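Engineer: this is the structure alone, sequence omitted:
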């Protein structure tokens, strides 16, 4: 009523959408074309539509996080949009089950017509990876030029812009570094946490030493393990050793950002940290499902293309397997688990600090 | 090599696909547009792509079944394609979970811009229903004209053609009626089956009458139930009562086709019936997931649009609920379960009949 | 080390779990037993395990919400646990796909052995429904006695206790009623909202009246619709008419609770309302998936049991279909959508009120 | 009626099932126990129930395939049961999404209580792998003794029996080797196939050599690739080189079995090969989802347990990653794709051979 009327068909531009499937096996081949090429086209077109949607959500989250101060009233929406991306990922990971109703013999009916088209040429997927934070150095090298050399000029530009701009990883790091509660007048998180770790390790050592069931050899072995754990923590605490962790790609975030991520995990129940905690969880989920997607595709490639003798697979299979391991972005949040301490050992926050983490008009804020 | 080279982007016509999302809230509204309209568009575009794929598979199955004799070497493929449709259905039913990450308040941001577009205007969905076998009489009446009146002229023609041609339901019925094993020199399926039913009912009656734990009243009640069962079977056997079952929409298939469907279910292990059995199962699955799809959409409509006071819901919600019940197509295969008899009561096939149901060069065919 | 060692097998009590499958078709029947009875048992045992888990989560949420004041530091966990229930629901709804790999003929191999066992006898499901808030009056009447009459005495007691205690619905209602922001010194939500509605309706009327494209008849029809909308809103506003809405089961929550739910939806971005908003969403999802579960089971019952002639189905199918419609619990949140107003019409909150909805130590709280 | 009545609760032995959850954090710890330990227990108990079901199905398939001649009337059921296993696999792979609603910090609340219990101690999983055909040599070595050393004596015996008996892999190999159509009076599959391959490669070479667009260097490179393909095929044809393929674990099946698998793939539309083809597809799906399960668990382990600095992960994470690659069983069917040839090049079967592959009483058998 208020606006010019519109029909479903026109609104969704179905003329474009539903007439964009042209089977090359029909165009270029003889006969009726390969039946399953239609499935192949539509599976990939729906993938591309979902990639577009994921990038659209990502862009909006990055706009929120690109501000010098993330407005807390935007946190709910930002988290919900990341969770939507995860929901889309879970969904499209299941789409492989449909593609695999196509058998290798059916694929062979049109494989030759597609040369040299390949999923690696998907601009949207590359943009998605880049915007999330995959660095050019992490990528597998191509024979010549950067990884996006095979794209069209305008597409290359899109990639270059994404590479030049801060990624979601970068924005998350900056946002973590700004976390205000790491050091207050009444509380030094890092110091308290270190003390808790020391106490934990001393406690564990005592239990070991007092355990009459352990033989001398077993005690020795256990104490060595404990020393290993101790060194692991020390690497986290020391500025120079932390740099080594970064070199080995154990951590990619700055030490300050890692501290904040740890604080958020340990004190996630405080009202002001509930949404940041969900954000970290959503980024972890996102990374896991991205990896999952690559892994399933590498298996499918093996199944559909076979494997050259004497190699790890077709070049596509090889690439995908390798990318599955290397193209992780938020691994920091996986590795961070190493440094969590049991709830009973977590230092208690001073009352005024807890107060500042709660709502001005909250019902429980006053009585702490 | 053998054919002109092609790039992924061009092959998938991504220029068309990825530039077909135009948010009306952005075009016609003030400001940045409603964020979630993008999701809404892409969810529906991917639906439409999958509808196209389902119709494509359906058409190929219908071509196989439209022959005067279905070539048995095509059965494997026909079944696999129906199973693929089911796989797609399961998949897109899950897509609602993504759409429901959009909240009613977010939907309100652009709902007014869409008027009067509606999912009911989806040509592909209508074609799909029609090709499967939904009859125009089953459809809910519209205020004026046939259900497809609101479509564009060319679209109306597409629907009319689908209505005029035999549906998958029709082709399945004809194919069932041609089943050669209903009556052979050595075996009259229908007679043997009736005898088995009689024996079954007599056996059940005897068990009841000899059960000392039953009071007279309980016995009476149970015998009445048994009589009910008997009448149910008699309706299946009698030509005139069967017509009544058809009038009440209990069965839609011809009596002969129902008999064949029963034979296939009971003797599904014979090699020649293994694929026909899977076909019936696939059609049942397909109908169930179609209904499932409608049901989930009716709940989503309730959630997104609310419900006018004093009505069963918005007109959309109402329609969908009603359609969920009425728009079933292969209900015959659900109701057929009523007439299955326990495996131990199934009449044994004569040796020569079993032989004719097996492979010429089969290893186990000779020793029967 | 710190605790006595334990093995996987003993920890999970697998002796109990994996030896609790006894096929009656094997025990009581002749021969090797019905193969698919194992699937039937295990499908239902895993269901029951998940029901136990859902109740366990529900109990913990109800403990949090049973306090006179819900501690805000518990909101994150409460919401996460409800979301976990939803995750379980989605998952077990998919389990029907496994059960449906069993065909009706296979079921017939052991159906008679199960009499009169039935899924309706599941204590856990009844407890789950009751704890969520399904009232005894909503339930379909049984021939004699209350719905739990067929259960064992100790089980009946469990149900009676659940019926006597406040349900999650009740606790949610009380919690909503306590929402502090409905009326403050600077803001009367209900009054502001009514004014916004009036403005909205007046605006819509004006657009209609000024629309030159509308014929007199069309104008008339549209104005009548608008009057309908107006009356719908008036029923929400008036205390006496609201009572009617409750009588018609349009709303079940108190008027005060509904107001709070509306406030939470409209101002969900304010930090203090982000988690309450997610809570409402989780309850809506939960109700939808519960309904979904019933619907899929009613279709499966039709498929597995057939349908007596002249009835709506087997008694089980009938019951399930009817329950699908009647056993909804949080329908209020579905119907509430009717009363949402476009974001642009939502009254602005006074600065000090927004301040009180944000964090004491928040970065953006100060500059509003 | 016919049998003693039974109640749902007793039939499912719910006393055992629902009372087998004992949280060690509650028993041994102080306070209310770790909430999420219940989820942890139930997730693993439902896994174990599903493993039992999978083994139950597997055993029945293995009984069918253990006969000296697989009765063709059992093929439909055998395939359906393998497909059911795949359905269960898909389903339980999704269960990780539920487990991951538990966060690492929540896991830490009870992790110490579980020592040294571990999923590696699951007898059922080991039995499943062994029955499918995982060989003891493929498994990762344990510090001392065979991989099942940590199990209880009776459990070790179960494993040893499974190891001693023919696996599904072995039975499949024998069954493939018995395929009767490899060599008949009128047709030598292997010879015809080799001729087709030669023709294919000669055709490809000709296309290359006549392509004016190729530079000399490009031509050279392409011809080298073609030579590589040729060598790959030669390895398949030669008895001695095939042995090398087996040594490199490229193929595990005998050469004769591989030939039969290839024949089944290429002529899958012939009625007698439709079910064998589905069998191979089901085994491929099964292997893929088994691998998928391991991969998802390795990611989850990384997320839940973190990663020791300087290692690839926790020992669990390491193990799972390595097992994901090594514990594949039906890889032959993935690699076989390498040797498929386009449909247009597949040798035509002689008429009498096609006849012997069809049904005695089939409608289309006579007119070929």
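Structural biologist: Noted; the coordinates are in hand. Only a predicted model underlies this, so the values are computations on that prediction, with no experimental measurement involved. Residues are numbered from 1 along each chain as shown, chains lettered A, B, ... in the order given.
Engineer: who in the stretch 51-200 of chain A is up against chain D?
Structural biologist: Counting by Cβ under 8 Å from any Cβ of the partner chain, the stretch 51-200 of chain A comes close to chain D at A:90, A:97, A:100, A:103, A:104, A:105, A:108, A:109, A:112. All C-beta atoms are positioned from the backbone trio N, CA, C, and that covers glycine.
Engineer: any weak-confidence spans in chain A?
Structural biologist: Applying pLDDT under 70 to chain A flags residues A:1, A:140-144, A:310-318, A:364-368.
Engineer: most centrally placed residue in it?
Structural biologist: The centroid of chain A falls nearest to residue A:287 when counting by Cα atoms, centre = their mean (2.2 Å).
Engineer: returning to that earlier point: let me have the residues of the stretch 51-200 of chain A next to chain D in JSON lines, extended by neighbour count and secondary structure.
Structural biologist: As requested, these are arranged in JSON lines below (neighbours: other Cβ atoms under 10 Å in any protein chain shown; DSSP: H, G, I helix; E, B strand; the rest coil):
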{"residue": "A:90", "neighbour count": "18", "secondary structure": "helix"}
{"residue": "A:97", "neighbour count": "17", "secondary structure": "helix"}
{"residue": "A:100", "neighbour count": "18", "secondary structure": "coil"}
{"residue": "A:103", "neighbour count": "20", "secondary structure": "coil"}
{"residue": "A:104", "neighbour count": "19", "secondary structure": "helix"}
{"residue": "A:105", "neighbour count": "18", "secondary structure": "helix"}
{"residue": "A:108", "neighbour count": "20", "secondary structure": "helix"}
{"residue": "A:109", "neighbour count": "19", "secondary structure": "coil"}
{"residue": "A:112", "neighbour count": "16", "secondary structure": "helix"}
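Engineer: any chance of the residues you listed in a markdown table, plus distance to chain C?
Structural biologist: As requested, those are exported to a markdown table (distance: Cβ to the nearest Cβ, whole Å):
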| residue | distance to chain C |
| --- | --- |
| A:90 | 10 |
| A:97 | 12 |
| A:100 | 17 |
| A:103 | 21 |
| A:104 | 25 |
| A:105 | 26 |
| A:108 | 30 |
| A:109 | 30 |
| A:112 | 36 |
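Engineer: got the contact list for the spatially closest residue to residue A:236 that is not a sequence neighbour?
Structural biologist: Once flanking residues are discounted, residue A:236 sits nearest to residue A:339: 5.8 Å by Cβ to Cβ, 6 or more residues apart in numbering or on different chains. Taking Cβ atoms under 8 Å, 6 or more residues apart in numbering or on different chains, we find residue A:339 in contact with A:232, A:233, A:236, A:262, D:306.
Engineer: how many residues are close by the last one?
Structural biologist: In other words, residue D:306. Look at residue D:306: counted by other Cβ atoms under 10 Å in any protein chain shown, it has 20 neighbours.
Engineer: contact partners for it?
Structural biologist: Taking Cβ under 8 Å, 6+ apart as the test, what residue D:306 contacts is A:334, A:335, A:336, A:337, A:338, A:339, A:340, D:104, D:314.
Engineer: now these as TSV including secondary structure?
Structural biologist: Compiled in TSV, the contacts of residue D:306 are given as follows (DSSP: H, G, I helix; E, B strand; the rest coil):
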residue	secondary structure
A:334	helix
A:335	helix
A:336	helix
A:337	helix
A:338	helix
A:339	helix
A:340	coil
D:104	helix
D:314	coil
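Engineer: please flag which of the contacts of residue A:339 sit within strands.
Structural biologist: The members of the contacts of residue A:339 all map outside strands under DSSP state E.
Engineer: so which of those is the most crowded?
Structural biologist: That'd be residue A:236 among these, by other Cβ under 10 Å, with 23 neighbours.
Engineer: list the buried ones in stretch A:351-366?
Structural biologist: A:353-365 (16 or more other Cβ atoms under 10 Å in any protein chain shown).
Engineer: what's near enough to touch the one residue in the stretch 1-150 of chain A that gets nearest to chain C?
Structural biologist: Closest to chain C within the stretch 1-150 of chain A is residue A:76: 3.9 Å, counting by Cβ to the nearest Cβ. By Cβ under 8 Å, 6+ apart, the residues touching residue A:76 are A:275, C:268, C:269, C:274, C:277, C:278.
Engineer: try 10 Å
Structural biologist: A:274, A:275, A:278, C:268, C:269, C:270, C:271, C:273, C:274, C:275, C:277, C:278 (Cβ atoms under 10 Å, 6 or more residues apart in numbering or on different chains).
Engineer: next: residue A:340.
Structural biologist: Contact analysis of residue A:340 by Cβ under 10 Å, 6+ apart lists A:262, A:265, A:266, A:346, D:103, D:104, D:105, D:107, D:108, D:111, D:306.
Engineer: contact partners for the nearest residue to the fourth one once chain neighbours are set aside?
Structural biologist: Spatial nearest neighbour of residue A:346, chain neighbours left out: residue A:266 (5.1 Å); criterion: Cβ to Cβ, 6+ apart. Under the criterion of Cβ under 10 Å, 6+ apart, the neighbours of residue A:266 are A:189, A:193, A:196, A:273, A:277, A:339-341, A:343, A:345-347, A:349, D:105.
Engineer: roughly how far does residue A:266 sit from chain C?
Structural biologist: As judged by Cβ to the nearest Cβ, to the nearest Å, residue A:266 and chain C stand 13 Å apart.
Engineer: repeat for residue A:159
Structural biologist: On the measure of Cβ to the nearest Cβ, residue A:159 and chain C end up 34 Å apart.
Engineer: name the helix or strand for the residue of chain A most remote from its centre, please.
Structural biologist: Relative to the centre of chain A, and counting by Cα atoms, centre = their mean, the farthest-placed residue is residue A:212 at 45.8 Å. Element membership for residue A:212, per DSSP states H and E: none, as it lies in no helix or strand.
Engineer: next, it: phi, psi?
Structural biologist: phi -70, psi -20 (degrees, to the nearest 10).
Engineer: also residue A:183?
Structural biologist: Torsion angles, degrees, to the nearest 10, at residue A:183: phi -140, psi 110.
Engineer: that one contacts residue A:193, correct?
Structural biologist: No: using Cβ atoms under 10 Å, residue A:183 makes no contact with residue A:193, being 11.8 Å away.
Engineer: against which helices or strands is the helix or strand that contains residue A:130 packed?
Structural biologist: Using DSSP H and E, residue A:130 falls within helix A:123-132. On a contact count with 3 or more Cβ pairs under 10 Å, 6 or more residues apart in numbering or on different chains; DSSP states H and E, helix A:123-132 meets helix A:37-65, helix A:153-164, helix A:168-177, helix A:271-305, helix B:8-11.
Engineer: out of those helices, which gets nearest to residue D:256?
Structural biologist: Smallest distance to residue D:256 across the helices and strands packed on helix A:123-132 (Cβ to Cβ): 23.1 Å, for helix A:271-305.
Engineer: please name the nearest non-neighbouring residue to residue A:309.
Structural biologist: With Cβ to Cβ, 6+ apart, the residue lying closest to residue A:309 is residue D:232, at 5.0 Å.
Engineer: list the contacts for the residue nearest to residue A:173 when sequence neighbours are not counted?
Structural biologist: Residue nearest to residue A:173 in three dimensions, not counting chain neighbours: residue A:257, with 4.6 Å by Cβ to Cβ, 6+ apart. With contact set as Cβ under 10 Å, 6+ apart, residue A:257 has these partners: A:172, A:173, A:174, A:175, A:176, A:177, A:178, A:179, A:251, A:332.
Engineer: that'll do, ta.
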